[in-house]
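K.L.:
fold the following for me, if possible:
(one chain, ligands or ions: 3)
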Amino acid sequence: MSQFDTIIRHGTVVTASDTFVADVGIKDGRIEAIGKSLGTAAQTLDATGLLVLPGGVDAHCHLDQPTSDGSVCADDFYSGTLSAAHGGTTTVIPFACQQRGHTLTSAVDDYHRRAQDKAVIDYAFHLIVSDPTAQLIEHDLPMLIDKGYTSFKIYMTYDDMKLNDRQIVELLALARHHGAMAMIHAENSDLIAWLTETLLAKGLWNPRYHAASRPQVIEREATHRAISIAELADVPILIVHVSGGEAVEQIHWAQGRGLRIYAETCPQYIALTEDDLARPGFEGAKCICSPPPRHKDNQRLIWDGLANGVFQIVSSDHAPFKYASSTGKMLKGEQTPFNWVPNGMPGIETRLPILFSEGVVKGRISLNRFVELVSTNPAKMYGLHPRKGAVAVGSDADLVLFDPRVKRVIRNADLHHNVDYTPYEGLEVTGWPSTVLSRGQVVIDRGQFKGAAGQGQFLPCARPDMARPKVA
Ligand code: DUC
Ligand code: ZN
Ligand code: ZN
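P.N.:
Residues are numbered from 1 along each chain as shown. Ligands and ions are numbered 1, 2, ... in the order given. Reported below is the predicted structural model:
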(Lines give C-alpha, C1' and ligand atoms only; values in the text may rest on other atoms or scores of the structure.)
(Ligands and ions follow the chains in the order given, each with its own letter.)
Protein backbone atom coordinates (compact mmCIF):
# COMPACT_ATOMS: atom_id res chain seq x y z
CA MET A 1 0.00 0.00 0.00
CA SER A 2 1.24 3.52 -0.80
CA GLN A 3 2.62 5.60 1.99
CA PHE A 4 0.73 8.72 0.88
CA ASP A 5 -2.53 9.40 -0.89
CA THR A 6 -0.87 12.12 -2.96
CA ILE A 7 2.62 13.50 -3.45
CA ILE A 8 3.14 16.86 -5.09
CA ARG A 9 6.60 16.64 -6.63
CA HIS A 10 9.22 19.15 -7.72
CA GLY A 11 7.27 22.29 -6.84
CA THR A 12 8.60 25.44 -5.21
CA VAL A 13 6.89 25.65 -1.83
CA VAL A 14 6.16 29.21 -0.74
CA THR A 15 5.07 30.12 2.76
CA ALA A 16 4.78 33.47 4.52
CA SER A 17 8.42 33.15 5.53
CA ASP A 18 10.25 30.71 3.23
CA THR A 19 10.66 29.60 -0.36
CA PHE A 20 12.18 26.18 -1.11
CA VAL A 21 11.99 23.29 -3.54
CA ALA A 22 10.38 20.23 -1.92
CA ASP A 23 7.83 17.49 -2.36
CA VAL A 24 4.66 17.51 -0.28
CA GLY A 25 3.15 14.24 0.94
CA ILE A 26 -0.56 14.15 1.76
CA LYS A 27 -2.44 11.57 3.78
CA ASP A 28 -6.09 11.66 4.91
CA GLY A 29 -6.51 15.26 3.83
CA ARG A 30 -3.53 16.59 5.77
CA ILE A 31 0.06 17.38 4.97
CA GLU A 32 2.05 14.45 6.32
CA ALA A 33 5.56 15.23 5.10
CA ILE A 34 7.56 17.91 3.31
CA GLY A 35 10.95 16.93 1.90
CA LYS A 36 12.79 15.07 -0.84
CA SER A 37 12.33 11.47 -2.05
CA LEU A 38 9.20 11.01 0.02
CA GLY A 39 8.31 7.52 -1.18
CA THR A 40 5.20 6.16 -2.83
CA ALA A 41 1.74 7.59 -3.34
CA ALA A 42 -1.51 6.56 -4.97
CA GLN A 43 -1.42 9.78 -6.96
CA THR A 44 1.46 12.03 -8.02
CA LEU A 45 1.06 15.63 -9.14
CA ASP A 46 3.97 17.12 -11.04
CA ALA A 47 4.53 20.73 -9.92
CA THR A 48 7.70 21.36 -11.94
CA GLY A 49 7.84 25.10 -12.68
CA LEU A 50 4.91 25.79 -10.35
CA LEU A 51 4.64 27.42 -6.95
CA VAL A 52 3.03 25.40 -4.17
CA LEU A 53 1.11 27.87 -2.00
CA PRO A 54 -1.20 27.46 0.98
CA GLY A 55 -4.74 27.84 -0.34
CA GLY A 56 -6.07 31.37 -0.27
CA VAL A 57 -8.23 32.40 2.67
CA ASP A 58 -10.75 35.02 1.57
CA ALA A 59 -11.69 36.60 4.88
CA HIS A 60 -14.17 39.09 3.46
CA CYS A 61 -16.75 38.03 0.89
CA HIS A 62 -20.52 38.10 0.67
CA LEU A 63 -22.32 34.95 -0.45
CA ASP A 64 -26.07 34.49 -0.51
CA GLN A 65 -26.40 37.32 1.99
CA PRO A 66 -29.96 38.60 2.39
CA THR A 67 -30.46 42.33 1.70
CA SER A 68 -33.17 44.78 2.64
CA ASP A 69 -33.41 46.95 -0.51
CA GLY A 70 -34.72 44.43 -3.05
CA SER A 71 -31.30 43.59 -4.45
CA VAL A 72 -30.15 39.98 -4.60
CA CYS A 73 -26.69 38.66 -3.88
CA ALA A 74 -25.96 36.89 -7.17
CA ASP A 75 -23.72 34.15 -5.79
CA ASP A 76 -24.89 31.41 -3.51
CA PHE A 77 -22.48 29.11 -1.72
CA TYR A 78 -22.11 26.94 -4.81
CA SER A 79 -21.27 29.54 -7.45
CA GLY A 80 -19.35 31.69 -4.97
CA THR A 81 -17.11 28.91 -3.68
CA LEU A 82 -16.72 27.43 -7.17
CA SER A 83 -15.43 30.79 -8.35
CA ALA A 84 -13.21 31.10 -5.26
CA ALA A 85 -11.68 27.67 -5.86
CA HIS A 86 -10.88 28.47 -9.49
CA GLY A 87 -9.06 31.53 -8.23
CA GLY A 88 -6.94 29.62 -5.72
CA THR A 89 -8.99 30.25 -2.60
CA THR A 90 -9.74 27.22 -0.43
CA THR A 91 -11.40 28.87 2.57
CA VAL A 92 -14.01 31.62 2.59
CA ILE A 93 -15.35 33.61 5.52
CA PRO A 94 -18.61 35.32 4.51
CA PHE A 95 -21.07 37.01 6.87
CA ALA A 96 -24.07 35.76 8.79
CA CYS A 97 -25.91 39.07 8.92
CA GLN A 98 -28.40 39.96 11.64
CA GLN A 99 -31.44 41.80 10.27
CA ARG A 100 -32.87 44.40 12.65
CA GLY A 101 -35.68 42.95 14.71
CA HIS A 102 -34.28 39.43 14.31
CA THR A 103 -31.87 37.51 16.49
CA LEU A 104 -28.27 36.83 15.64
CA THR A 105 -28.77 33.13 16.28
CA SER A 106 -31.54 32.96 13.66
CA ALA A 107 -29.15 34.62 11.16
CA VAL A 108 -26.53 31.96 11.91
CA ASP A 109 -29.03 29.09 11.57
CA ASP A 110 -30.32 30.51 8.31
CA TYR A 111 -26.81 30.97 6.98
CA HIS A 112 -25.86 27.38 7.75
CA ARG A 113 -28.86 26.24 5.74
CA ARG A 114 -27.65 28.36 2.82
CA ALA A 115 -24.11 26.97 2.96
CA GLN A 116 -24.51 23.27 3.63
CA ASP A 117 -24.88 21.04 0.57
CA LYS A 118 -23.56 23.85 -1.62
CA ALA A 119 -20.05 24.89 -0.59
CA VAL A 120 -17.26 23.24 -2.58
CA ILE A 121 -14.52 24.47 -0.23
CA ASP A 122 -14.37 25.01 3.53
CA TYR A 123 -16.00 28.00 5.16
CA ALA A 124 -16.31 29.83 8.45
CA PHE A 125 -18.70 32.68 9.31
CA HIS A 126 -18.20 36.19 10.55
CA LEU A 127 -21.24 37.73 12.20
CA ILE A 128 -22.74 41.14 11.46
CA VAL A 129 -24.36 42.84 14.44
CA SER A 130 -27.00 45.38 13.41
CA ASP A 131 -29.28 45.25 16.45
CA PRO A 132 -27.34 44.90 19.71
CA THR A 133 -30.20 44.12 22.07
CA ALA A 134 -29.63 43.20 25.71
CA GLN A 135 -30.33 39.56 24.80
CA LEU A 136 -27.61 39.71 22.13
CA ILE A 137 -25.05 41.37 24.39
CA GLU A 138 -25.71 39.29 27.47
CA HIS A 139 -26.32 35.91 25.88
CA ASP A 140 -26.38 35.35 22.14
CA LEU A 141 -23.11 36.90 21.04
CA PRO A 142 -20.99 35.44 23.88
CA MET A 143 -22.57 32.04 23.24
CA LEU A 144 -21.82 32.26 19.50
CA ILE A 145 -18.22 33.34 20.15
CA ASP A 146 -17.85 30.24 22.35
CA LYS A 147 -19.16 28.09 19.52
CA GLY A 148 -16.58 29.29 16.99
CA TYR A 149 -18.02 32.48 15.50
CA THR A 150 -15.19 34.57 16.87
CA SER A 151 -15.37 37.67 14.68
CA PHE A 152 -18.11 40.17 14.01
CA LYS A 153 -18.55 43.21 11.80
CA ILE A 154 -19.80 46.60 12.90
CA TYR A 155 -21.06 49.17 10.40
CA MET A 156 -20.67 52.89 11.00
CA THR A 157 -22.85 53.63 7.96
CA TYR A 158 -25.95 52.26 6.13
CA ASP A 159 -29.28 53.05 7.78
CA ASP A 160 -30.26 49.41 8.24
CA MET A 161 -26.95 48.38 9.79
CA LYS A 162 -25.18 51.31 11.39
CA LEU A 163 -24.46 51.50 15.09
CA ASN A 164 -23.79 54.61 17.11
CA ASP A 165 -20.62 55.19 19.12
CA ARG A 166 -22.26 54.05 22.36
CA GLN A 167 -23.33 50.78 20.79
CA ILE A 168 -19.90 50.34 19.23
CA VAL A 169 -18.02 50.83 22.49
CA GLU A 170 -20.29 48.31 24.23
CA LEU A 171 -19.61 45.76 21.52
CA LEU A 172 -15.88 46.41 21.65
CA ALA A 173 -15.93 45.93 25.42
CA LEU A 174 -17.69 42.63 24.77
CA ALA A 175 -15.07 41.68 22.15
CA ARG A 176 -12.36 42.38 24.72
CA HIS A 177 -14.04 40.32 27.40
CA HIS A 178 -14.73 37.33 25.17
CA GLY A 179 -11.65 37.43 22.93
CA ALA A 180 -13.42 38.18 19.65
CA MET A 181 -12.15 40.13 16.66
CA ALA A 182 -14.27 43.18 15.79
CA MET A 183 -14.20 44.30 12.16
CA ILE A 184 -15.23 47.85 11.41
CA HIS A 185 -16.71 49.43 8.28
CA ALA A 186 -15.46 52.97 8.80
CA GLU A 187 -17.42 55.70 6.99
CA ASN A 188 -19.31 58.65 8.48
CA SER A 189 -22.99 58.05 7.82
CA ASP A 190 -24.41 61.54 8.41
CA LEU A 191 -21.83 63.21 6.19
CA ILE A 192 -22.53 60.74 3.37
CA ALA A 193 -26.26 61.49 3.72
CA TRP A 194 -25.66 65.24 3.50
CA LEU A 195 -23.36 65.00 0.49
CA THR A 196 -25.72 62.58 -1.25
CA GLU A 197 -28.69 64.90 -0.82
CA THR A 198 -26.64 67.85 -2.04
CA LEU A 199 -25.50 66.01 -5.17
CA LEU A 200 -28.96 64.64 -5.99
CA ALA A 201 -30.53 68.08 -5.52
CA LYS A 202 -28.26 69.27 -8.33
CA GLY A 203 -29.36 66.39 -10.55
CA LEU A 204 -26.02 64.59 -10.17
CA TRP A 205 -27.29 61.01 -10.01
CA ASN A 206 -24.83 59.18 -12.30
CA PRO A 207 -22.56 56.46 -10.80
CA ARG A 208 -19.56 58.78 -11.13
CA TYR A 209 -20.93 60.88 -8.24
CA HIS A 210 -20.70 57.95 -5.86
CA ALA A 211 -17.06 58.91 -5.27
CA ALA A 212 -18.04 62.53 -4.56
CA SER A 213 -20.58 61.36 -1.98
CA ARG A 214 -17.89 59.46 -0.05
CA PRO A 215 -14.62 61.42 -0.25
CA GLN A 216 -11.62 60.34 1.77
CA VAL A 217 -12.43 62.62 4.71
CA ILE A 218 -15.55 60.49 5.32
CA GLU A 219 -13.41 57.39 5.67
CA ARG A 220 -10.60 59.17 7.52
CA GLU A 221 -12.88 60.62 10.20
CA ALA A 222 -14.65 57.33 10.85
CA THR A 223 -11.35 55.44 10.90
CA HIS A 224 -10.00 57.84 13.49
CA ARG A 225 -13.18 57.53 15.55
CA ALA A 226 -13.08 53.72 15.39
CA ILE A 227 -9.45 53.80 16.53
CA SER A 228 -10.35 56.12 19.40
CA ILE A 229 -13.22 53.91 20.54
CA ALA A 230 -10.95 50.85 20.37
CA GLU A 231 -8.30 52.67 22.39
CA LEU A 232 -10.88 53.52 25.03
CA ALA A 233 -12.16 49.95 25.14
CA ASP A 234 -8.56 48.72 25.09
CA VAL A 235 -9.12 46.10 22.43
CA PRO A 236 -7.66 45.25 19.01
CA ILE A 237 -9.89 45.91 15.98
CA LEU A 238 -9.60 45.34 12.27
CA ILE A 239 -10.60 48.07 9.84
CA VAL A 240 -11.99 46.41 6.71
CA HIS A 241 -11.75 47.49 3.05
CA VAL A 242 -9.43 50.45 3.60
CA SER A 243 -9.46 52.43 0.37
CA GLY A 244 -7.50 55.60 0.90
CA GLY A 245 -4.17 57.03 1.92
CA GLU A 246 -5.84 59.24 4.51
CA ALA A 247 -7.25 56.25 6.39
CA VAL A 248 -3.89 54.52 6.00
CA GLU A 249 -2.27 57.51 7.71
CA GLN A 250 -4.64 57.19 10.67
CA ILE A 251 -3.97 53.47 11.01
CA HIS A 252 -0.21 53.99 10.73
CA TRP A 253 -0.40 56.68 13.41
CA ALA A 254 -2.37 54.38 15.72
CA GLN A 255 0.01 51.47 15.14
CA GLY A 256 2.88 53.83 15.97
CA ARG A 257 1.21 54.53 19.32
CA GLY A 258 1.31 50.83 20.07
CA LEU A 259 -2.40 50.25 19.47
CA ARG A 260 -3.32 46.98 17.84
CA ILE A 261 -5.23 48.35 14.90
CA TYR A 262 -5.25 45.89 12.02
CA ALA A 263 -6.25 46.63 8.46
CA GLU A 264 -7.51 44.98 5.32
CA THR A 265 -7.49 46.29 1.77
CA CYS A 266 -8.86 44.83 -1.46
CA PRO A 267 -7.78 44.49 -5.11
CA GLN A 268 -10.25 47.19 -6.20
CA TYR A 269 -8.20 49.82 -4.37
CA ILE A 270 -5.04 48.94 -6.29
CA ALA A 271 -6.48 47.97 -9.68
CA LEU A 272 -9.35 50.49 -10.08
CA THR A 273 -9.66 54.26 -9.63
CA GLU A 274 -12.43 56.81 -9.38
CA ASP A 275 -12.17 57.12 -13.19
CA ASP A 276 -13.72 53.67 -13.39
CA LEU A 277 -16.84 55.10 -11.75
CA ALA A 278 -17.00 57.53 -14.67
CA ARG A 279 -17.17 54.88 -17.37
CA PRO A 280 -19.62 55.82 -20.18
CA GLY A 281 -23.36 55.78 -19.52
CA PHE A 282 -24.29 53.69 -16.52
CA GLU A 283 -21.21 51.42 -16.75
CA GLY A 284 -19.58 53.09 -13.75
CA ALA A 285 -22.15 51.27 -11.59
CA LYS A 286 -20.07 48.13 -12.08
CA CYS A 287 -17.41 49.72 -9.90
CA ILE A 288 -19.63 51.15 -7.17
CA CYS A 289 -18.46 49.84 -3.84
CA SER A 290 -17.98 51.49 -0.48
CA PRO A 291 -15.60 52.99 0.24
CA PRO A 292 -15.11 53.83 -3.45
CA PRO A 293 -11.96 53.42 -5.55
CA ARG A 294 -9.88 56.59 -5.23
CA HIS A 295 -7.66 58.81 -7.37
CA LYS A 296 -4.84 57.04 -9.24
CA ASP A 297 -2.15 58.60 -6.99
CA ASN A 298 -3.78 56.88 -4.04
CA GLN A 299 -2.85 53.43 -5.30
CA ARG A 300 0.80 54.05 -4.41
CA LEU A 301 -0.19 54.76 -0.80
CA ILE A 302 -2.06 51.47 -0.60
CA TRP A 303 0.98 49.67 -2.05
CA ASP A 304 3.18 51.37 0.54
CA GLY A 305 0.88 50.08 3.29
CA LEU A 306 0.99 46.57 1.80
CA ALA A 307 4.76 46.60 1.62
CA ASN A 308 5.46 48.20 5.01
CA GLY A 309 3.08 46.18 7.14
CA VAL A 310 0.25 48.66 7.82
CA PHE A 311 -2.03 46.09 6.17
CA GLN A 312 -2.28 42.50 7.36
CA ILE A 313 -4.87 41.19 4.90
CA VAL A 314 -5.98 41.45 1.29
CA SER A 315 -9.56 40.20 0.87
CA SER A 316 -11.83 40.38 -2.14
CA ASP A 317 -14.90 41.97 -0.53
CA HIS A 318 -16.71 40.00 -3.22
CA ALA A 319 -20.22 41.50 -3.13
CA PRO A 320 -21.83 40.15 -6.28
CA PHE A 321 -24.72 42.00 -7.91
CA LYS A 322 -25.62 41.57 -11.54
CA TYR A 323 -25.24 44.62 -13.76
CA ALA A 324 -28.20 44.37 -16.15
CA SER A 325 -30.74 43.35 -13.56
CA SER A 326 -33.54 44.93 -11.56
CA THR A 327 -32.24 43.01 -8.53
CA GLY A 328 -28.71 44.22 -9.21
CA LYS A 329 -27.02 47.44 -10.24
CA MET A 330 -30.13 48.55 -12.20
CA LEU A 331 -32.35 48.33 -9.14
CA LYS A 332 -34.35 51.32 -10.39
CA GLY A 333 -33.62 50.96 -14.10
CA GLU A 334 -30.83 52.27 -16.26
CA GLN A 335 -30.84 55.59 -14.48
CA THR A 336 -30.68 54.25 -10.95
CA PRO A 337 -29.29 57.09 -8.80
CA PHE A 338 -25.86 56.23 -7.38
CA ASN A 339 -27.21 56.02 -3.82
CA TRP A 340 -29.62 53.24 -4.86
CA VAL A 341 -27.03 51.16 -6.70
CA PRO A 342 -26.17 48.09 -4.59
CA ASN A 343 -22.68 48.50 -3.18
CA GLY A 344 -20.05 45.98 -4.11
CA MET A 345 -18.43 44.14 -6.97
CA PRO A 346 -17.34 40.60 -7.75
CA GLY A 347 -13.71 39.62 -7.24
CA ILE A 348 -13.46 36.31 -5.40
CA GLU A 349 -11.77 34.57 -8.36
CA THR A 350 -9.40 37.33 -9.37
CA ARG A 351 -7.98 38.22 -5.93
CA LEU A 352 -4.84 36.09 -6.05
CA PRO A 353 -4.01 36.68 -9.73
CA ILE A 354 -4.37 40.46 -9.43
CA LEU A 355 -2.31 40.78 -6.26
CA PHE A 356 0.34 38.40 -7.61
CA SER A 357 0.53 40.14 -10.98
CA GLU A 358 0.35 43.74 -9.80
CA GLY A 359 2.30 43.08 -6.60
CA VAL A 360 4.86 40.29 -7.00
CA VAL A 361 5.47 40.42 -10.75
CA LYS A 362 5.81 44.20 -10.69
CA GLY A 363 8.20 44.05 -7.73
CA ARG A 364 5.98 45.87 -5.21
CA ILE A 365 5.76 43.04 -2.67
CA SER A 366 7.70 39.82 -2.15
CA LEU A 367 6.34 36.39 -2.89
CA ASN A 368 6.29 35.56 0.84
CA ARG A 369 4.44 38.76 1.66
CA PHE A 370 1.89 37.84 -1.00
CA VAL A 371 1.27 34.48 0.71
CA GLU A 372 1.05 36.20 4.08
CA LEU A 373 -1.55 38.71 2.83
CA VAL A 374 -3.86 36.33 0.97
CA SER A 375 -3.61 33.24 3.13
CA THR A 376 -1.54 33.05 6.31
CA ASN A 377 -2.53 36.29 7.99
CA PRO A 378 -6.28 35.97 7.36
CA ALA A 379 -6.10 32.45 8.82
CA LYS A 380 -4.27 33.81 11.87
CA MET A 381 -6.47 36.86 12.37
CA TYR A 382 -9.61 34.75 12.48
CA GLY A 383 -8.46 31.71 14.42
CA LEU A 384 -8.00 29.19 11.61
CA HIS A 385 -4.20 28.89 11.68
CA PRO A 386 -2.31 26.52 11.44
CA ARG A 387 -5.08 24.32 10.13
CA LYS A 388 -5.44 26.77 7.25
CA GLY A 389 -3.00 29.27 5.74
CA ALA A 390 0.09 27.09 6.12
CA VAL A 391 2.17 24.55 4.22
CA ALA A 392 3.23 22.61 7.28
CA VAL A 393 3.06 19.06 8.59
CA GLY A 394 -0.34 18.59 10.21
CA SER A 395 -2.06 21.41 8.32
CA ASP A 396 -5.00 20.70 6.03
CA ALA A 397 -3.74 19.93 2.54
CA ASP A 398 -5.36 23.03 1.08
CA LEU A 399 -2.82 23.78 -1.60
CA VAL A 400 -2.56 25.75 -4.81
CA LEU A 401 -0.22 24.82 -7.64
CA PHE A 402 0.21 28.29 -9.04
CA ASP A 403 1.70 28.97 -12.46
CA PRO A 404 3.72 32.19 -12.04
CA ARG A 405 4.43 32.64 -15.75
CA VAL A 406 1.12 32.12 -17.51
CA LYS A 407 -0.40 35.28 -18.96
CA ARG A 408 -4.14 35.75 -19.05
CA VAL A 409 -6.50 38.51 -19.99
CA ILE A 410 -9.35 38.61 -17.47
CA ARG A 411 -12.64 37.98 -19.27
CA ASN A 412 -15.93 37.54 -17.48
CA ALA A 413 -16.78 34.70 -19.85
CA ASP A 414 -13.92 32.69 -18.28
CA LEU A 415 -14.91 33.28 -14.65
CA HIS A 416 -17.19 31.06 -12.61
CA HIS A 417 -19.23 33.44 -10.47
CA ASN A 418 -22.88 34.10 -11.24
CA VAL A 419 -22.39 37.73 -12.20
CA ASP A 420 -22.72 39.19 -15.70
CA TYR A 421 -19.54 41.26 -15.50
CA THR A 422 -16.16 41.65 -13.92
CA PRO A 423 -14.83 45.15 -13.19
CA TYR A 424 -11.44 43.89 -14.44
CA GLU A 425 -12.56 42.95 -17.99
CA GLY A 426 -9.51 43.21 -20.27
CA LEU A 427 -6.89 43.43 -17.50
CA GLU A 428 -3.83 41.37 -18.38
CA VAL A 429 -2.34 39.44 -15.50
CA THR A 430 0.67 37.19 -15.15
CA GLY A 431 0.13 34.18 -12.91
CA TRP A 432 -2.93 32.00 -12.36
CA PRO A 433 -3.77 28.94 -10.26
CA SER A 434 -3.50 25.72 -12.18
CA THR A 435 -4.46 22.98 -9.72
CA VAL A 436 -6.16 23.42 -6.35
CA LEU A 437 -6.54 20.92 -3.53
CA SER A 438 -9.02 21.13 -0.69
CA ARG A 439 -8.15 18.84 2.25
CA GLY A 440 -6.07 16.74 -0.13
CA GLN A 441 -8.68 16.38 -2.82
CA VAL A 442 -8.08 17.93 -6.23
CA VAL A 443 -10.98 20.32 -6.75
CA ILE A 444 -9.48 22.20 -9.70
CA ASP A 445 -7.32 20.14 -12.07
CA ARG A 446 -5.47 22.38 -14.52
CA GLY A 447 -8.47 24.69 -14.67
CA GLN A 448 -11.17 22.00 -14.65
CA PHE A 449 -13.54 21.63 -11.69
CA LYS A 450 -13.36 18.15 -10.13
CA GLY A 451 -15.05 18.80 -6.81
CA ALA A 452 -18.65 18.56 -5.71
CA ALA A 453 -21.24 20.77 -4.08
CA GLY A 454 -21.45 20.12 -0.36
CA GLN A 455 -17.91 18.85 0.16
CA GLY A 456 -16.90 22.09 1.88
CA GLN A 457 -16.99 21.86 5.67
CA PHE A 458 -17.91 24.44 8.26
CA LEU A 459 -14.91 25.58 10.31
CA PRO A 460 -15.47 26.79 13.86
CA CYS A 461 -12.85 29.45 14.56
CA ALA A 462 -10.64 29.63 17.62
CA ARG A 463 -10.29 32.89 19.49
CA PRO A 464 -7.44 34.57 17.63
CA ASP A 465 -4.42 35.59 19.71
CA MET A 466 -4.46 38.82 17.76
CA ALA A 467 -7.83 39.73 19.26
CA ARG A 468 -6.48 39.68 22.79
CA PRO A 469 -5.52 42.92 24.49
CA LYS A 470 -1.83 43.08 25.46
CA VAL A 471 -2.73 43.00 29.13
CA ALA A 472 -5.96 41.16 29.81
N1 DUC B 1 -19.31 46.91 2.72
C2 DUC B 1 -18.84 45.74 2.52
O3 DUC B 1 -18.15 45.20 3.36
N4 DUC B 1 -19.10 45.08 1.38
C5 DUC B 1 -19.86 45.59 0.34
C6 DUC B 1 -20.45 46.88 0.60
C7 DUC B 1 -20.02 47.54 1.84
O8 DUC B 1 -20.35 48.65 2.07
ZN1 ZN C 1 -18.25 47.14 4.67
ZN1 ZN D 1 -17.95 43.53 2.36
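
K.L.:
what does this protein put close to ligand 1?
P.N.:
When proximity is defined as CB under 6 Å from any ligand atom, the chain approaches ligand 1 at 185, 240, 241, 289, 290, 317, 319, 343, 344. Where you see a C-beta, it was placed from the backbone N, CA and C, and this is true even at glycine.

K.L.:
output those as a markdown table; include the columns pLDDT.
P.N.:
Below are the residues of the chain next to ligand 1 laid out as a markdown table (pLDDT from 0 to 100):
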| residue | pLDDT |
| --- | --- |
| 185 | 98 |
| 240 | 99 |
| 241 | 98 |
| 289 | 98 |
| 290 | 98 |
| 317 | 98 |
| 319 | 98 |
| 343 | 98 |
| 344 | 98 |
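
K.L.:
what pLDDT is listed against residue 466?
P.N.:
For residue 466, the pLDDT comes out at 87.

K.L.:
distance check, the closest residue to residue 442 other than its chain neighbours against ligand 1.
P.N.:
Nearest non-adjacent residue to residue 442, counting by CB to CB, 6 or more residues apart in numbering: residue 450, 5.3 Å away. Plainly put, residue 450 is 31 Å away from ligand 1 if you go by CB to the nearest ligand atom, to the nearest Å.

K.L.:
do residue 323 as well
P.N.:
Remark: distance between residue 323 and ligand 1 (CB to the nearest ligand atom) = 16 Å.

K.L.:
and that residue, what does it touch?
P.N.:
285, 286, 329, 330, 419, 420, 421 (CB atoms under 8 Å, 6 or more residues apart in numbering).

K.L.:
just residue 268 next, same as before
P.N.:
Going by CB under 8 Å, 6+ apart, residue 268 touches 287, 289, 293, 317, 345, 347, 423.

K.L.:
again with residue 22
P.N.:
11, 13, 34, 35, 36.

K.L.:
which of those residues count as buried?
P.N.:
Buried subset of the contacts of residue 22 (neighbour count, 16 or more other CB atoms under 10 Å): 11, 13, 34.

K.L.:
now go through those residues and say which are in helices.
P.N.:
Among the buried ones among the contacts of residue 22, no member is found in helices (DSSP state H).

K.L.:
out of these, which comes closest to residue 171?
P.N.:
residue 13 (40.2 Å; CB to CB).

K.L.:
so the closest one is in contact with residue 19, correct?
P.N.:
Yes: counting by CB atoms under 8 Å, residue 13 does reach residue 19; the two are 7.2 Å apart.

K.L.:
list the contacts of the residue lying closest to residue 276 once chain neighbours are set aside.
P.N.:
Closest residue in space to residue 276, ignoring its immediate chain neighbours: residue 287 at 4.2 Å, by CB to CB, 6+ apart. Contact analysis of residue 287 by CB under 8 Å, 6+ apart lists 207, 268, 272, 276, 277, 279, 293, 345, 423.

K.L.:
next, count neighbours for the third one.
P.N.:
As a burial measure, residue 272 scores 24 neighbours (other CB atoms under 10 Å).

K.L.:
any idea how far residue 74 is from it?
P.N.:
Per CB to CB, to the nearest Å, residue 272 is found 19 Å from residue 74.

K.L.:
the fourth one too?
P.N.:
In this structure, residue 276 and residue 74 are separated by 20 Å, where distance is defined by CB to CB.

K.L.:
could you identify the longest helix within this structure?
P.N.:
The chain, longest helix under DSSP H: helix 216-233.

K.L.:
report the buried residues of stretch 62-70.
P.N.:
For stretch 62-70, by 16+ other CB under 10 Å, it's 62, 63, 64, 65, 67.

K.L.:
need the max-distance pair from those residues.
P.N.:
Farthest pair in those, by CB to CB: 63 and 67, 12.6 Å.

K.L.:
what sits in contact with each of the two?
P.N.:
Common neighbours of residue 63 and residue 67 (CB under 8 Å, 6+ apart) are residue 73.

K.L.:
near residue 20, how many other residues are there?
P.N.:
11.

K.L.:
isn't there a strand covering it?
P.N.:
Yes: assigned with DSSP: H, G, I helix; E, B strand; the rest coil, residue 20 falls within a strand.

K.L.:
excluding its backbone neighbours, what's nearest it?
P.N.:
residue 13 is the one closest to residue 20 (CB to CB, 6+ apart), at 5.7 Å.

K.L.:
what about that neighbour, distance to residue 87?
P.N.:
From residue 13 over to residue 87 (counting by CB to CB), the distance is 20 Å.

K.L.:
need the contact list for the residue in the stretch 151-300 of the chain that ligand 1 sits nearest to.
P.N.:
Relative to ligand 1, the nearest point of the stretch 151-300 of the chain is residue 290 (3.9 Å; CB to the nearest ligand atom). Residue 290 sits next to 157, 185, 187, 214, 241, 343, 344 when contact means CB under 8 Å, 6+ apart.

K.L.:
how about 10 Å then?
P.N.:
Residues near residue 290 by CB atoms under 10 Å, 6 or more residues apart in numbering: 157-158, 185, 187, 192, 210, 213-214, 218-219, 241, 243, 317, 319, 343-344.

K.L.:
out of those, who's the most crowded?
P.N.:
Going by other CB under 10 Å, residue 219 tops these with 29 neighbours.

K.L.:
tell me how far that residue lies from residue 387.
P.N.:
According to CB to CB, residue 219 and residue 387 sit 34 Å apart.

K.L.:
tally up the residues packed near residue 17, please.
P.N.:
So residue 17, with other CB under 10 Å, has 9 neighbours.
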